[in-house]
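S.K.: let's see this in three dimensions:
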Amino acid sequence: MKQEDVTQLTIEIKDGTIAPRYKEDDVELTIDKAVITEKGMESNLPLIDFQMTDADGKVHFAALSGRLILSLAAAIKGVNMRNHGTEEP
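M.R.: Modelled structure (predicted):
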């Protein structure tokens, strides 16, 4: 059986009144495109590629697994349920 490296994701949920403040030199990116590849990972699970640009027009890429997106979506759903009593914002 093949062993996989697994990185544990920590999801931190903060109250809106204490949102994080970022340094002035942090790069702000705009997501321009998201591409879902159905069997993009070795495990044949979906892979999502994000194409982003910064204020200078430089292009950046990030790849996220479908599992990561689902984990984030589940956390958001929980927040919505606690704050609004529904899944919808």
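
S.K.: how about low-confidence regions in this protein?
M.R.: 1-7, 87-89 (pLDDT under 70).

S.K.: show me the strands in it, by range?
M.R.: Assigned strands in the chain, in chain order: 30-37, 47-53, 59-65 (criterion: DSSP state E).

S.K.: how much space between the residue minimising distance to the centre of the chain and residue 75?
M.R.: Compute the mean C-alpha point of the chain, and by C-alpha atoms, centre = their mean the closest residue is residue 69, 5.5 Å away. Here the distance between residue 69 and residue 75 works out to 11 Å (C-beta to C-beta, to the nearest Å). For glycine as for every other residue, the C-beta is placed from the backbone atoms N, C-alpha and C.

S.K.: same deal with residue 29?
M.R.: From residue 29 over to residue 75 the distance is 21 Å, taken as C-beta to C-beta.

S.K.: again, but for residue 16
M.R.: Residue 16 is 15 Å from residue 75, by C-beta to C-beta.
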